[in-house]
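Trainee: need coordinates for the below:
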Amino acid sequence: MSLSLFLARRIYRGDDAGRRVSRPAVLIAMTGIAIGLAVMIITVSVIVGFKSEVREKIIGFGSHIQVTNLEQARSYETFPVVADDSLLAILSDYPEVSHVQRYSTKMGMVKTAEAFQGMLLKGIGPEYDLSFFRNHLLEGEFPQFSDSASSNRVVISKSLADKLKLKLGDKIDTYYIQDDIRARRLKIVGIYQTNLAEYDNLFMLTDLCLVNRLNKWESDQASGIELSLRDYNRLEEMTYEIGDDLNGVIDRFGQEYCVRNIEQLNPSIFAWLGILDVNIWVILVLMIGVAGFTMISGLLIIIIERTSMIGVLKSLGANNDTIRRLFLWFAVFLIGKGMLWGNAIGLAFYFVQRHFGLFKLDPETYYMDTVPVSFNIWLFLLLNVGTLLASVLMLLGPSYLITRIHPANSMRYE
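Mentor: A predicted model of the protein is given here:
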């Protein structure tokens, strides 16, 4: 063990430190570290949780990647592509693709005796993964939707139900305009709520067969195919890989395929989520700055109060570097204790919010009713290591005050 570390541990643990080191300075320094680290842990946990929650909800409505008609990428209208078993099998063979499902859409309007509302009727087949919607189901059930028969059953959002004053079991009249006006009466068998207003106010789910009939499409046609990936980090890579493989492929009706991912389909939302990363960096810099400056103040006070000890050590032959390392080790012990409290506060907030959801949000504004939190062990370790390194590096400059202290001048501090 080095002399600097040995002396730092004796000073930190000894009763002499309790009498001579300014308790307020030490407490303020440790409190600054604790509050700064706790705020950073909470901030990262909440923002990462918020981004993840919003992203998962968007993916729940459209999966990771969509294969559609090339014309649909240039227009707001829906154009069909052939989505037969052979194409589904080819897409399923990609190692990174975990699930493949068809969907068809039709713009329309719901009309009741008192109000009307535009909507997007989404038809899904028996292979559709309904786990996302079942997790957000409030009433009723999600039936096994069919691609060969129409049950005239529909699942709507709570937002639409509230606006149109509808309830479970009601029959609603829907209207669709193409070459002529077509009407369908559908029965509400389920009500869901994701709190993602842009989608809740729009989507109604029904049989794939019904939507294809409304669009006057063949049974093997659809608006598109949705692909779920095993690893979100490979989203862009898989988009271009599948896109290259389908480039120039034409279905039996002469239509070309287009491959786009969820970020390309929703650029404004993901750009907004990306801006949140800037908020994280701003808060991290501010908190590390606050923690570092409180440690600088504490270290300067400790050095001044230990002037006589510094003079004695120099008179005994200790050089400036040895004494500087002594005080830096002493500061590391204080930083470590403050970090323990900061971690305890930050993790306590995470577990309480995760399991009890004490802090609420307005779902109409924030897309969720409680503050979301997420824990990532690597980000947690990075915050701790970064805080320790940044705090110690900020103390290197002030520690040079020791070089200005001479043994003869230090006698007046006796």
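
Trainee: which ones are touching T194?
Mentor: 57, 60-61, 136, 157, 200, 367 (C-beta atoms under 8 Å, 6 or more residues apart in numbering). C-beta here means a position set from N, CA and C on the backbone, and glycine is covered the same way.

Trainee: next secondary structure element downstream of the lowest-mean-pLDDT helix or strand in the chain?
Mentor: Among the helical and strand segments of the chain, the one scoring lowest on mean pLDDT, DSSP states H and E is helix 15-20, with a mean of 48. Counting by DSSP states H and E, the element after helix 15-20 in chain order, helix or strand, is helix 23-62.

Trainee: tell me the buried residues in that next one?
Mentor: Residues 25-26, 28-55, 57-62 are the ones in helix 23-62 that count as buried (16 or more other C-beta atoms under 10 Å).

Trainee: measure stretch 193-200 end to end?
Mentor: Stretch 193-200 has an end-to-end distance of 7 Å (criterion: C-alpha to C-alpha, to the nearest Å).

Trainee: list the buried residues of it.
Mentor: Those would be 193-196, 199-200, for stretch 193-200 by 16+ other C-beta under 10 Å.

Trainee: tell me which two of these sit farthest apart.
Mentor: Q193 and Y199 (10.8 Å; C-beta to C-beta).

Trainee: shared neighbours, the two?
Mentor: S157.

Trainee: got the phi/psi numbers for F142?
Mentor: Per-residue torsions, F142: phi -100, psi 110 (degrees, to the nearest 10).

Trainee: how many residues are close by it?
Mentor: 18 (other C-beta atoms under 10 Å).

Trainee: identify the residues contacting it.
Mentor: With C-beta under 8 Å, 6+ apart, F142 has these contacts: 130, 133-134, 155, 190, 205.

Trainee: try it again with 6 Å
Mentor: Counting by C-beta atoms under 6 Å, 6 or more residues apart in numbering, F142 touches 130, 134, 190.

Trainee: ok, back up a step: as JSON lines, the buried residues of stretch 193-200 with distance to I181, pLDDT and secondary structure would be great.
Mentor: Listed next are the buried residues of stretch 193-200 as JSON lines, based on distance: C-beta to C-beta, whole Å; pLDDT from 0 to 100; DSSP: H, G, I helix; E, B strand; the rest coil:
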{"residue": "Q193", "distance to I181": "31", "pLDDT": "92", "secondary structure": "coil"}
{"residue": "T194", "distance to I181": "31", "pLDDT": "91", "secondary structure": "coil"}
{"residue": "N195", "distance to I181": "33", "pLDDT": "89", "secondary structure": "coil"}
{"residue": "L196", "distance to I181": "30", "pLDDT": "88", "secondary structure": "coil"}
{"residue": "Y199", "distance to I181": "26", "pLDDT": "89", "secondary structure": "helix"}
{"residue": "D200", "distance to I181": "26", "pLDDT": "89", "secondary structure": "helix"}
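
Trainee: now, which of those residues sits nearest Q221?
Mentor: Relative to Q221, the closest of the buried residues of stretch 193-200 is Y199; by C-beta to C-beta it sits at 24.1 Å.

Trainee: I figured that closest one hits F61, correct?
Mentor: Yes - the criterion here is C-beta atoms under 6 Å, and Y199 meets it with F61 at 5.0 Å.

Trainee: work out for me the element the nearest residue in space to V211 that is not next to it in sequence sits within.
Mentor: Computed as C-beta to C-beta, 6 or more residues apart in numbering, the closest residue to V211 that is not its neighbour in sequence is G123, at 3.0 Å. In the assignment (DSSP H and E), G123 maps to strand 116-124.

Trainee: spatially nearest residue to E141, not counting backbone neighbours?
Mentor: E141 sits nearest to G190 (C-beta to C-beta, 6+ apart), 5.5 Å away.

Trainee: cool, and V154?
Mentor: In space, V154 is closest to L186, 4.2 Å off (C-beta to C-beta, 6+ apart).

Trainee: part of a helix, is that neighbour?
Mentor: No - checked against DSSP: H, G, I helix; E, B strand; the rest coil, L186 lies outside a helix; its state is strand.

Trainee: so it sits against N152, correct?
Mentor: Yes - under the criterion of C-beta under 6 Å, L186 makes contact with N152 at 5.3 Å.

Trainee: more neighbours, those two?
Mentor: Neighbour count, other C-beta under 10 Å: between L186 and N152, L186 has more, with 23 against 13.

Trainee: how close does the more buried one sit to K111?
Mentor: Distance, L186 to K111, by C-beta to C-beta, to the nearest Å: 12 Å.
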